[in-house]
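>>> need a structure here:
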Amino acid sequence: MKALVTGGGGFLGGVIVRMLRDRGDEVASISRSIYPELTGLGIQQVQGDLADSSAVMKAAAGCDIVFHVAAKAGVWGPYSEYYRANVTGTENVIASCRANGIARLVYTSSPSVVFDGSDIEGGDETLPYPAHFEAPYPQTKAMAEQLVLAANSPELATVSLRPHLIWGPGDNHLVPRIIARAKSGRLRRIGDRPCRVDTVYVDNAARAHLLAADRLSPGSPVAGRSYFISNGEPLPIWDMVNRILASADIPPVSGTISPRLAYLAGALFEKIWSAFRLSGEPPMTRFVAHELATAHWFDISAARRDLGYEPEVSMDEGMRGLKDWLTGRG
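Next up, the predicted model:
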């Protein structure tokens, strides 16, 4: 088949591209930049913004399936920028599928679309969307996911995957942020509860996308559904952070602040950053304070049953690969 991967030059998108190519599929990518590594793999690239409907239409022409991976991530920024990338961009992807007669769309969502600030322990796909979001990223991702699932029809089969905290070699978001904060002395434990969280190694997350694609067709059991994806090995959040730091030969986090203080600090920083229009992210936000002080792990039995998903790379094996990459051996 010929597959379009939005954001094919990104962390997860790049692994999906390579897995598709390795099994013999033809692959195209649309991103805001041209990536030399994709050029070297012989990947057809369209440089463009997902909010530009003509660029998306051009990239999707002649494709059999779309993996919509690209998104504006992060915990801070103007709502309009998140809406443009995540909602308008998704609307354009759906429209291009319909216009080009593409019958399958695999969407990369996030478990944050159901996060309401409280503990989630063993949650499954029946969890509702919350009435209120504390950041534009989960809000716009929830809006986009609902658009994708509502677009499921006899002509276009759609499925939404929710990988949780993707990490591994090549990570340009989660792991670098943790390491940078630790090195600057700005990383603190929030509370002392052993809150367990799910994460997923990048190869496992990418493989789940291919499994979903292979089982997706109009009227199939997976069409119109969402699935949580993880390594199935939830750990206390600060144990996971310290394992990442150990992979970079950095001492574990030692300082601690209370969840209430972290939340109040986040609210204050948000007001300051908004009032003075400061660049970059605040040191803390309300959303991050809640995420770091609560449990959020999920039941992945639906993905196992319907997609045939099984995490092939264990946490220990993934950590060895991460250490090799961070220390220059990978």
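>>> could you look up the SS state of I30?
Following DSSP: H, G, I helix; E, B strand; the rest coil, we place I30 in the strand state.
>>> is it true that it touches G48?
Yes: between I30 and G48 there is a contact at 5.7 Å, judged by CB atoms under 8 Å. (Glycine included, C-beta is placed from N, CA and C.)
>>> of the two, which one has the most company?
Neighbour totals were compared for I30 and G48, and I30 leads with 30 against 17 (other CB atoms under 10 Å).
>>> which residue packs closest to the more buried one, ignoring adjacent ones?
Ranked by CB to CB, 6 or more residues apart in numbering and with sequence neighbours excluded, the top spatial neighbour of I30 is A59, at 3.9 Å.
>>> which residues touch the one you found?
Residues in contact with A59 (CB atoms under 8 Å, 6 or more residues apart in numbering) are L4, T6, A28, S29, I30, V46, G48, S96.
>>> ok so, going back, which neighbours do I30 and G48 share?
Listed as contacting both I30 and G48 by CB under 8 Å, 6+ apart are A55, V56, A59.
>>> I'd guessed W325 sits against V175; true?
No: counting by CB under 8 Å, W325 does not reach V175; the two are 9.1 Å apart.
>>> returning to that earlier point: switch the contacts of A59 over to a markdown table; also include distance to A303 and pLDDT.
A markdown table is the format used below for the contacts of A59 (distance: CB to CB, whole Å; pLDDT from 0 to 100):
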| residue | distance to A303 | pLDDT |
| --- | --- | --- |
| L4 | 23 | 98 |
| T6 | 22 | 98 |
| A28 | 27 | 97 |
| S29 | 25 | 98 |
| I30 | 27 | 98 |
| V46 | 31 | 96 |
| G48 | 32 | 95 |
| S96 | 27 | 98 |
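>>> of these, which is the nearest to R225?
Among the contacts of A59, T6 lies closest to R225 (CB to CB), at 20.5 Å.
>>> and the gap between the closest one and L326?
Between T6 and L326 the computed distance is 28 Å (CB to CB, to the nearest Å).
>>> same check on N152?
According to CB to CB, N152 stands 40 Å off from L326.
>>> what of V148?
V148 is 34 Å from L326, by CB to CB.
>>> these two: who's more crowded?
The residue with more neighbours, out of V148 and L326 and counting by other CB under 10 Å, is V148; that gives 24 against 19.
>>> correct me if wrong: that one contacts L161.
No: checked against CB under 8 Å, the pair V148 and L161 is beyond contact range at 10.4 Å.
>>> identify the contacts common to these two.
Common contacts of V148 and L161, defined by CB under 8 Å, 6+ apart, comprise Y107, S109.
>>> pLDDT at the closest residue to C195 other than its chain neighbours, what is it?
Closest residue to C195 in three dimensions, ignoring its sequence neighbours and counting by CB to CB, 6+ apart: A295, at 4.1 Å. Looking at A295, its pLDDT is 97.
>>> one more: S254?
S254 is given a pLDDT of 87.
>>> may I ask you to confirm that it belongs to a strand?
No: according to three-state DSSP, S254 belongs to no strand; its state is coil.
>>> quick check: which element contains V222?
Assessed by DSSP states H and E, V222 sits outside every helix and strand.
>>> repeat that for S226.
Applying DSSP H and E, one finds S226 within strand 225-229.
>>> averaged pLDDT, the helix or strand that comes right after that strand. What do you get?
Downstream of strand 225-229, the first helix or strand assigned by DSSP H and E is strand 235-236. Averaging pLDDT along strand 235-236 gives 97.
>>> what's in contact with the helix or strand following strand 235-236?
Downstream of strand 235-236, the first helix or strand assigned by DSSP H and E is helix 237-247. Helix 237-247 has contacts (CB under 8 Å, 6+ apart) with 167, 175, 178-179, 182, 187, 189, 195-197, 199, 235, 251-253, 292, 319, 322-323, 326.
>>> any idea which helix or strand comes after helix 237-247?
In the C-terminal direction from helix 237-247 (assignment by DSSP H and E), the next one is strand 256-257.
>>> alpha carbons only: can I get the helix or strand that that next one is followed by in CSV?
Scanning forward in sequence from strand 256-257 by DSSP H and E, the next helix or strand is helix 259-276. Extracted as CSV, the C-alpha positions of helix 259-276 are listed here (Å, rounded to 0.1, in the frame of the first residue of the first chain):
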residue,chain,number,x,y,z
PRO,A,259,1.2,19.1,45.2
ARG,A,260,-0.7,22.1,46.5
LEU,A,261,2.3,24.3,46.3
ALA,A,262,3.1,23.1,42.8
TYR,A,263,-0.4,23.8,41.6
LEU,A,264,-0.5,27.3,43.2
ALA,A,265,2.9,28.0,41.7
GLY,A,266,1.7,26.8,38.3
ALA,A,267,-1.4,29.1,38.5
LEU,A,268,0.9,32.1,39.4
PHE,A,269,3.4,31.4,36.7
GLU,A,270,0.6,31.1,34.1
LYS,A,271,-0.7,34.5,35.1
ILE,A,272,2.8,36.1,34.9
TRP,A,273,3.6,34.5,31.5
SER,A,274,0.2,35.6,30.1
ALA,A,275,0.3,39.2,31.5
PHE,A,276,3.8,39.9,30.3
